[in-house]
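*Asks:* sequence unknown, structure follows:
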């Protein structure tokens, strides 16, 4: 059993034990995923590179919790939409490899259609 499946089982059991599935329609889970991702972003807002390095050292636990919230909603959404997140991720990496060949994209942040 891969790690995604283990985590998904744990978060779905947590949700279902509290009878929260009725609140988890795709729209609201997508909104929650976005809100949690915004909470990650908030940790870095208005900070320069040096401030971020120091901030992360002192706030790693809080950032970790926000990242876990993002992953939890992502796993819930993938479960409810019957998406194999592990396979989807592998497929997306392979697709990106063809869109961004190393010889054209190494060290540049150019979008694939402009390479």
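*Replies:* Looks like it came in fine. These figures come from a predicted structure and were not determined experimentally.
*Asks:* who does the helix ranked longest in the chain touch, helix- and strand-wise?
*Replies:* If each helix of the chain is counted by residues according to DSSP state H, the longest one is helix 49-80. The elements that helix 49-80 packs onto, with contact taken as 3 or more CB pairs under 8 Å, 6 or more residues apart in numbering; DSSP states H and E, are helix 3-17, helix 26-42, helix 85-99. No exception for glycine: its C-beta is placed from N, CA and C like everyone else's.
*Asks:* For residue 73, find the nearest of those.
*Replies:* Checking those against residue 73 by CB to CB gives helix 26-42 as the closest, at 4.0 Å.
*Asks:* what about this protein, any weak spots by pLDDT?
*Replies:* The chain contains residues with pLDDT under 70 at 1.
*Asks:* Distance of the residue lying farthest from the centre of it relative to residue 66?
*Replies:* In the chain, the greatest distance from the average C-alpha position (CA atoms, centre = their mean) is reached by residue 103, at 27.9 Å. With the distance defined as CB to CB, to the nearest Å, residue 103 ends up 37 Å from residue 66.
*Asks:* next one: residue 86
*Replies:* In terms of CB to CB, residue 86 sits 23 Å off from residue 66.
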